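Q: Would you be able to build a 3D model of this:
(one chain, ligands or ions: 1)
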Amino acid sequence: MAPFDMRCIECGKVHEMTKPIYACSSCGNLLEIAVDIPSVQRRLSGNEWRARPLSVWKYRELLPFGPETTIYSRNEGGTPLIACRNLAEHLGLKNLWIKFDGMNPTGSFKDRGMTAGITKAKDLGMGIVTCASTGNTSASLAAYAGLAGLKCVVLIPEGKVALGKLAQAMMHGAKVVSVKGNFDQALDMVMKASDSLGMYVLNSVNPFRIEGQKTAAYEVCDQLGGSAPDSLYIPVGNGGNSAAYWKGFKEYEGLGVVDSRPRIMGVQAAGSAPVATMFSRGSDTLVPVSKPDTVATAIRIGNPANWKKTVRAIRDSEGSCFTVTDEEILRAQKLMAKMEGIFAEPAGAAAFAGLVKDVTSGAVDRSSKIVCVSTGHGLKDPDVAVGQSERPVMIDASVEALRKVMEGL
Ligand code: F0G
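A: Numbers count the residues shown, from 1 in each chain. As a prediction, this is how the structure comes out:
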């Protein structure tokens with residue numbers, strides 16, 4: 001068997017990887033790249049892949065590209081897995097890490113998927129790439145499209161994209177289109193228009209993006225010295241990243257690099273939580289949220305395109321999906337920044353907020369190995385950071401004035 005093919009997640013129909021398609025031609029369901037472990041093992045054997053430095057392309061043989069494919073990369077991945085001793089002590093935990101994917105080239109985990117997605121776009125000979133985005137995907141896509149010399153059109157929900165992300169998409173040269181509607185409506189437009197307008201879609205419905213993102217799970221295992229954590233807390237928006245992590249963990253176990261898999265603990269913002277609602281109701285169908293809302297604008301999504309993939313991932317892993325409030329997210333964001341020096345955007349603090357909630361309710365084994373994924377950098381959203389912080393103190397330019405301020409420390 002070939003090392004990789006592209007299959008429908010529902011009916012299993014195999015689709016050609018040489019065409020820009022995102023859904024099964026028979027039943028309309030999502031597609032994924034199926035990995036044939038024995039063939040990949042053959043690709044890996046005899047080379048020094050384990051000794052390569054951490055990065056998405058360390059795992060090249062585990063990605064659906066041939067050795068001849070030209071890669072478009074800004075050295076993404078290889079982000080720190082930070083041992084959080086202060087937060088662990090604060091929560092009474094023994095082993096806590098934060099995988100800080102905000103340290104990628106454009107400040108979010110999206111770059112892992114985009115290096116793979118843009119490499120695929122070039123391989124297919126596409127000239128224009130597109131996405132709908134709550135901000136980070138558009139920033140990342142714009143940067144990688146520029147790098148690869150592709151035209152780029154990004155659709156963002158009017159007035160709801162954090163300033164830093166908007167600045168990035170504009171600076172990297174994308175055509176930025178503000179849609180009078182929310183993310184779900186923008187994605188619907190992109191999916192309907194891409195064929196007739198000749199654009200390649202790089203939202204997470206694109207299975208090649210998920211392939212790039214799954215490398216984060218390999219990295220976590222490598223950084224833990226060849227073992228998987230017991231649980232992984234991760235924010236769920238469109239549901240792509242949680243599914244990608246699970247795919248990565250399963251593949252690493254299949255290859256025999258690790259001998260266990262974590263429980264995937266999906267965390268949604270309370271105002272945008274259709275997947276968490278499925279779990280709390282024990283339901284098998286998603287009921288979209290028509291007016292999603294949350295301070296974590298990155299995950300302000302009411303109709304997650306990848307819900308089937310993420311629900312399967314979470315269930316297969318024996319994990320769960322639940323909500324945190326905006327207040328809990330902001331409190332977690334502050335705690336991470338103050339106690340560990342990790343500045344995450346609100347969505348990048350949601351996973352840790354979920355862990356705090358679980359610890360408080362007694363749902364966590366305090367000696368287990370826990371990883372929280374922090375998906376985006378705090379500089380992305382300066383307005384939320386400034387808005388929840390104490391204002392600078394204004395003083396005269398004198399040492400005496402400074403001494404007075406210090407009395408209040
Ligand atoms: N965290 C951040 C910082 C994000 O930007 C996103 C998604 C997520 C979490 C959720 O990941 O969708 O794979 O479940 N942002 C997309 C965007 C939707 O357009 O930037 P997911």
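
Q: Run through the residues of this protein sitting next to the ligand.
A: Residues of the chain that fall close to the ligand, judged by C-beta under 6 Å from any ligand atom: 108, 133-137, 204, 235-242, 298-299, 345, 347-348, 375-376. Just so you know, the C-beta spots here come from the backbone N, C-alpha and C atoms, and that holds for glycine as well.

Q: Return the subset of those lying in strands.
A: Counting by DSSP state E, the part of those found in strands is residue 235.

Q: Let's see which of the residues of the chain next to the ligand end up in helices.
A: 136, 137, 240, 241, 242, 347, 348 (DSSP state H).

Q: which one of the residues you listed has the most neighbours?
A: If you count neighbours using other C-beta atoms under 10 Å, the busiest of these is residue 348, which has 35 neighbours.

Q: Name the surrounding residues that touch stretch 157-176.
A: For stretch 157-176, the external contacting residues (C-beta atoms under 8 Å, 6 or more residues apart in numbering) are 106-107, 133-136, 138-139, 141-143, 145-146, 151-154, 156, 178-183, 185-186, 297-298, 300, 345, 379-384.

Q: and the end-to-end length of that stretch?
A: Taking C-alpha to C-alpha, to the nearest Å, stretch 157-176 runs 11 Å from one end to the other.

Q: Also stretch 223-238?
A: 27 Å.

Q: For that stretch, the averaged confidence score.
A: In this model, stretch 223-238 carries a mean pLDDT of 98.

Q: What is the distance between that stretch and the centre of its chain?
A: 12 Å (C-alpha atoms, centre = their mean, to the nearest Å).

Q: re the thing from before, of the contacts of stretch 157-176, buried ones?
A: 106-107, 133-136, 138-139, 141-143, 145-146, 151-154, 156, 179, 182-183, 185-186, 297-298, 300, 345, 380-381, 384 (16 or more other C-beta atoms under 10 Å).

Q: what about the strands in the protein?
A: Using DSSP E, strands in the chain cover 4-8, 14-15, 31-35, 81-83, 95-100, 128-132, 151-157, 175-179, 199-201, 231-235, 263-269, 320-324, 369-374.

Q: Now render those as a markdown table, adding distance to residue 257.
A: Listed next are the strands of the chain as a markdown table, based on distance: least, C-beta to C-beta, whole Å:
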| stretch | distance to residue 257 |
| --- | --- |
| strand 4-8 | 18 |
| strand 14-15 | 27 |
| strand 31-35 | 13 |
| strand 81-83 | 16 |
| strand 95-100 | 17 |
| strand 128-132 | 32 |
| strand 151-157 | 36 |
| strand 175-179 | 41 |
| strand 199-201 | 32 |
| strand 231-235 | 16 |
| strand 263-269 | 18 |
| strand 320-324 | 26 |
| strand 369-374 | 16 |
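
Q: Quick one, which of those gets closest to residue 341.
A: strand 81-83 (8.8 Å; C-beta to C-beta).
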